[in-house]
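Undergrad: sequence below, structure please.
(chains A and B)
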Amino acid sequence: MFGYYLDLALRSLKRNKALTALMVLAIAVGIGACMTTLTVMHLLSGDPLPGRSQRIFYAQVDPDITDKEGQREPPDMLDYHSATDLWSARRADRQALVVDSRLKLHAPDVNLPPLMATMLSTTTDFFPMFDVPFQYGGGWSADDDARHARVAVISADLNLRLFGGADSVGRTLRLRESDVRIVGVLKPWRPSPLFYAVAGGRFSNGDTADFYGKAEDVMTPFFTGLEINDGNFQQFNCWGIPSTPGHLQNAPCNWIRLWVELGDGGKVAGYRRFLADYAAQQKALGRFTVAGNTRLRSLMQWLDFNGVVPSDVRLQTWLAFAFLAICLFNTVGLLLAKFLRRSGEIGVRRALGASRLAIFAQCLMEAGMVGLLGGIGGWLLTLAGLWLVRRQPAAYADMAYLDTTMFLATFALAVAVSVLAGLLPAVRASRIAPGLQLKAL
Amino acid sequence: MDILPILSTLRRHKITAFLVILEIALTCAIVCNAVFIISQRLDRMAMPSGVDEHRLLHAMLANIGATSDGKARTQEDLAALRQIPGVAEVASVNQVPFGGSSWNTGIKLDPKQHTSTLNATTYYGENLVRTLGAQLVAGRDLLPDEYMDFDDVVRAAAAKDNRMTPHVVVITQKLAERLWPGQSALGKQIYLSDDPVNVVGVVKELVRPSIWDDATASYSMVLPIRVSQGEYLLRTASPQDRERVLAAALDKLKQINPHRVVLKKHIFDDMRHNYFQDDRAMAGLLAGVCVALLVVTALGIVGLGSFWVAQRRKQIGVRRALGATRRNILHYFQTENFLLATIGIALGMLLAYGINLLLMAHYELPRLPASYFPVGALLLWLIGQLAVLGPALRAAAVPPVVATRSV
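TA: Presented below is the predicted three-dimensional model:
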C-alpha cells in the first residue's frame, strides 16, 4: 500500500509542477528561516557543561557599604577580601577564583612580534571542575597556587600561533616582564557561552552577544597572574575610589568571580549557610553593612539571570516561527486546492472500493512528499542562512554550524509541518461523496 | 460591482477564503512591526555624536604604564603627533565616542543623597573638547591650568584630599536639561564624591562610548584630568587625507617606541560603522524577511487564484455566454481579492497592534505610529491586486463556448 501511495503521490506532484514547486518553495523558505534561527538559539541557549552544570554554583556576597537601600541584588562579582576568604575556607568540593585581564605576551625563543593577549588567572580546581580538555601536559597543582608559581596553560589557538601546534610544554612565555613555563596546552575549547566569564548581563539591555567570545589565550595561577599583571586589572564596579588604579587587592571594588562545585543538595544547603554565616560575621566585624544579601546560583540559573541569549536572537526566532506559520497557511490553501481539484479522481477511487482512510492516507502521503522535498530545500536554505550568520559581526558567529541533531530536526520539522498542513485538506478530500463526482463526469 | 454574488461564492469556499485572509493578516501584522523595528534601528544608526566625525582619527597602543615615565612619554607622543602635516588637534584620552568600553560614574545633586541621580560617562584628556570638535553652546571650555594628572587625582581622592580633585566640569546639553530642567546649568554644582564640581561649560552633544539605553546616550561629562594610557585622538585639517595622516601617526609612534603594540587604529567613520553593525545586520535581516513574506503571500494568492479560476471555468463560460464581458470577469476576481485583502488587513491591523504591545513589554520598543496602518494596508492591497491579476486575466480569457462543453 505504501509503495502504491508513494507512486500516486509522485504522479500527482508531477502533474502540476508549478503548484508543487510553489508548495515546496513555501515549506523550504519557512523551514530555512526557522532552522537557521533555531540552530543559533540551540547554540546560544544550550548547557555549556552538559552533565556537570547542575553541580556548579556561583557565589555572591554584598560588601558595598554605601548603599543602604535594603533589598537589592548583590554585585555580580566579589571583592578581593571576600573572594580569597571564601576560596581559602575550602568548604566546597572544588572552588576556583577567576579573573581576566589583558597583557603583552611574547615567546622569547620564537621570532614573532609581541602581541596583546587575554589572560585568565584562576586556581587549580578550574580545570577538573569545568572538564577542560588538554592536548599536552595538564593544569597546575594546589602547591603551584600557594607558591605563586610562574607556570601557565595556553590555548590551542595561541599554541598554533606561537609554536605551530607542536607540544610546547616546558617552553617559556614572557608575560609582560615575567617569564612563565608552559605546563599545559588546551585542546580547542569553546564553551558556549563562555560561562565562567558571564556577569553583568542585567545591565546590558539584551545586548549579550559578547558572552559567546573565545576562551582566554593564556591561563596562570590566580596569585601569579595578579603579580605579573599588577596595575592592569579592571573592576566590575567600585563603591569607593581605588588608591592605585588596576591594583585592586585592597580596593573597595568588585572584580573577582568564585565558582564552586557542590556534589549534592545537602552540600548546596550547607554552602548557602556558609555564605550567610560569612556575611553575618563580616557584618559583625564592620566590613559589611548588610548580612542577608548573599546568593548561590547554579550555573544555569546564573546564565538565566544574566539573560545570556541576546534579545535580537530571541526576536529573530519568534519572527522565523511567524514566517513558518504563514508558509504553513499557504501550503494548507494550496494542498486544499490541489486535492479538491482531483475530486473526480477521488470519487472514482471511492466508487471502486477505496475506503475513506485509504484516501486520507494517500493525501497525507502526498503532503509528506512535499514536506520531504521542502526539507531538502529547507536544509540548503539553512546552510545558506548559517553562512550568512557566520558573516555577521557577532561573537558567536564562528560557531554557527549545523550539527547532526539540527540536521535531522530540519527534516523532521519539514515533514511534520507539511503533514500538519495536509491534515485538513486530506480530511476534506476523504469526505468527497463518490456518487456526486461520478455524476458530474 | 456585484459584491453579493462574490460573498455567496466565498461562503462556499470558507476554508480557502479563511486561509487567504489569515495569511494576509499575519503578513500585514509582521511586516508593519518589522518595518517599524527597521526604522528604529535606522534612527539609532543615525544617532548624532556631536563630534567632527569625518576628520577624527583614533589610535590605541598597548599601555605604556601609569608611571611618571608614562606621562613624559605621552607628552613626547603628543608633541610628535602635532608635527605631522595635516594634523589640526591631538589629545591623549581615556575613551572615545562609540569606542565600546567606557568610564562611568554616578552623579548626585546633593552629597547627602543615598543613591545617584543618574549615571554618566566621564571623558578625560587635555584638549579633548577641541580635538573632538564638540560644539560649546554655553560657558567655556576647560582651561589648561585646571588640568590635573590622573594618578594625582586618584591618590587625592583615596586620601579624601579635595585640593587635587577636579572642581570644574563640562557637560552635555541633554545632561544639563535632565539635571536642571528649564534652567541654565552654568554655575550649578554636581557631586561625584563628597566635594562639589562646578559646571563651567555646556556642549551641544557628545555621545557615550557605549550606549545601554538610547535615552541616556548623551549623558556625558568632560573632566579636567590628564591621562596617559596610550589612547590618542587626532583631528585632521581636512577629511581627504585622514588615511595618510593615520598611517603617518602610527609610523611616528612606532618610531618613538618600536616595542609598542597597536591595539586599535580607526578613522572615526569606521568606528561609527562598527559600533552599529549589529543594528545594521538586524535591519538587513528584517528587510529580507519582509520581502520574503510578501513574496510568499503573493505566490499563495497566485496559487489559490489559479485554482479558483480553473475550478470555475465552466461557470465563467456560462456567464460569458449569458453576456458578461471579459472586463466583468476580470473585475469579479479583482473585487473578490480586494474583499479578502480588506478583511485580512483589518484583522492584520489588530494583530499588528497586539504584537506591538508584546514588543513594547519585552523589547522596550515604542508604540507603533498610526501612520504605519494606512501604508501597510495600501501595500497589501497592491500586492493582492498584482498577485491576482494573472489568474484574473486567464479567467477573462475563458471563451463562452466552454459553457456548451462538458468537462
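Undergrad: what's the burial count for the closest residue to chain B within the stretch 301-441 of chain A?
TA: Relative to chain B, the nearest point of the stretch 301-441 of chain A is residue A:337 (3.4 Å; C-beta to the nearest C-beta). (C-beta placed from N, C-alpha, C; glycine too.) Number of residues near residue A:337 (other C-beta atoms under 10 Å in any protein chain shown) recorded here: 24.
Undergrad: show me where the stretch 201-350 of chain A has strands.
TA: For the stretch 201-350 of chain A, the strands defined by DSSP state E, counting those that start in this stretch occupy A:218-221, A:237-238, A:253-254, A:257-261, A:295-298.
Undergrad: repeat that for chain B.
TA: Using DSSP state E, the strands of chain B run over B:56-61, B:87-92, B:104-107, B:118-124, B:136-139, B:148-149, B:168-172, B:189-191, B:196-203, B:220-223, B:225-226, B:231-236, B:262-267.
Undergrad: just put the ones you listed in JSON lines and tack on mean neighbour count, distance to chain A and mean pLDDT.
TA: Shown next, in JSON lines, are the strands of chain B (neighbours: other C-beta atoms under 10 Å in any protein chain shown; distance: least, C-beta to the nearest C-beta, whole Å; pLDDT from 0 to 100):
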{"stretch": "strand B:56-61", "mean neighbour count": "22", "distance to chain A": "10", "mean pLDDT": "92"}
{"stretch": "strand B:87-92", "mean neighbour count": "21", "distance to chain A": "15", "mean pLDDT": "94"}
{"stretch": "strand B:104-107", "mean neighbour count": "18", "distance to chain A": "10", "mean pLDDT": "88"}
{"stretch": "strand B:118-124", "mean neighbour count": "21", "distance to chain A": "10", "mean pLDDT": "92"}
{"stretch": "strand B:136-139", "mean neighbour count": "15", "distance to chain A": "27", "mean pLDDT": "93"}
{"stretch": "strand B:148-149", "mean neighbour count": "18", "distance to chain A": "12", "mean pLDDT": "91"}
{"stretch": "strand B:168-172", "mean neighbour count": "24", "distance to chain A": "16", "mean pLDDT": "95"}
{"stretch": "strand B:189-191", "mean neighbour count": "18", "distance to chain A": "13", "mean pLDDT": "92"}
{"stretch": "strand B:196-203", "mean neighbour count": "20", "distance to chain A": "14", "mean pLDDT": "94"}
{"stretch": "strand B:220-223", "mean neighbour count": "26", "distance to chain A": "13", "mean pLDDT": "95"}
{"stretch": "strand B:225-226", "mean neighbour count": "23", "distance to chain A": "12", "mean pLDDT": "92"}
{"stretch": "strand B:231-236", "mean neighbour count": "24", "distance to chain A": "13", "mean pLDDT": "93"}
{"stretch": "strand B:262-267", "mean neighbour count": "16", "distance to chain A": "6", "mean pLDDT": "88"}
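Undergrad: one step back: most tightly surrounded among the strands of the stretch 201-350 of chain A?
TA: strand A:218-221 (a mean of 28; mean count of other C-beta atoms under 10 Å in any protein chain shown).
Undergrad: what residues does the stretch 301-441 of chain A have near chain B?
TA: A:311-312, A:315-316, A:319, A:322-323, A:325-327, A:329-330, A:332-334, A:336-338, A:340-341, A:392-394, A:424, A:428, A:440-441 (C-beta under 8 Å from any C-beta of the partner chain).
Undergrad: for residue B:321, find the nearest of the strands of chain B.
TA: With C-beta to C-beta as the criterion, residue B:321 lies closest to strand B:262-267 of the strands of chain B, at 74.2 Å.
Undergrad: just give the number of residues close to residue B:127.
TA: 20.
Undergrad: was I right to think the residue of the stretch 301-441 of chain A closest to chain B contacts residue B:303?
TA: Yes. Using C-beta atoms under 8 Å, residue A:337 is in contact with residue B:303, at 6.8 Å.
Undergrad: which residues do the two both contact?
TA: Common neighbours of residue A:337 and residue B:303, using C-beta atoms under 8 Å, 6 or more residues apart in numbering or on different chains, are residue A:19.
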